[in-house]
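Colleague: Starting from these lines, generate the structure:
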Amino acid sequence: YENIGYLMSFVKSISPGKTLPGIVGAVVTGPISALLYPIDFDHYNIDSCQFNGDQTSHGTSIINGVCSDERSDLQLTVGILEQKFLLGILLSLTGILGDLAESSVKRTARAKDSGGLLPGHGGILDRFDSVLVSGVVYYYFILAL
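Modeller: Next up, the predicted model:
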């Protein structure tokens, strides 16, 4: 528990409003949300079947010119759930890191808000700090499939 205390004191030195329950809540609800959100990873997987000869990848085969998957429905479902769970954890953690990075920049600049367009909200950058970092992670996650 001592390490958690050190981590939280570091986090609070950057962003005093952060709490351990908030961080745990984000890390727990991120994967749950990703599991519930209808993401079709096969839609992004453009390399799953190549129609030049018998070359295939990712457990697919070409039968009569039609790309088919040799894995069972259960294997496909478990694989997709694992990918969604991993994506949820990654996006939760990078969202937190993006928010801490933006808070660190504001603290270094000694600015309470990153802009005046949204008074009381910390500025526009405060609304999108997590998305900016998580969007990059999401992009490379999809490319890695």
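
Colleague: how about the nearest residue to the spatially most central residue of the chain, chain neighbours excluded?
Modeller: With distances taken as CA atoms, centre = their mean, the residue of the chain nearest its centroid is Leu91 (2.0 Å). In this structure, Leu91 finds its nearest non-sequential neighbour in Ser134, 4.7 Å apart by CB to CB, 6 or more residues apart in numbering. Heads up, the C-betas are built off the backbone N, CA and C, glycines and all.

Colleague: What mean pLDDT does the helix or strand encompassing the residue nearest to the centre of the chain get?
Modeller: Per DSSP states H and E, Leu91 falls inside helix 73-108. Across helix 73-108, pLDDT averages out at 86.

Colleague: before we move on, what about stretch 115-132?
Modeller: 78.

Colleague: Offset the numbering so it begins at 29, please.
Modeller: Yes, from this point I'll number from 29; that puts the last item at stretch 143-160.

Colleague: and the spatially closest residue to Lys134 that is not a sequence neighbour, what does it touch?
Modeller: Using CB to CB, 6+ apart and skipping residues adjacent in sequence, the residue nearest Lys134 is Ser142, 5.8 Å away. Applying CB atoms under 8 Å, 6 or more residues apart in numbering, we find Ser142 in contact with Glu130, Val133, Lys134, Gly150, Gly151, Ile152, Leu153, Asp154.

Colleague: 7 Å instead, please
Modeller: Glu130, Lys134, Gly150, Gly151, Ile152, Leu153, Asp154 (CB atoms under 7 Å, 6 or more residues apart in numbering).

Colleague: show me where this structure has helices.
Modeller: Along the chain, the segments classed as helices by DSSP state H run 30-42, 48-64, 69-72, 101-136, 152-172.

Colleague: how about the ones you listed, which one is nearest Leu146?
Modeller: helix 152-172 (6.2 Å; CB to CB).
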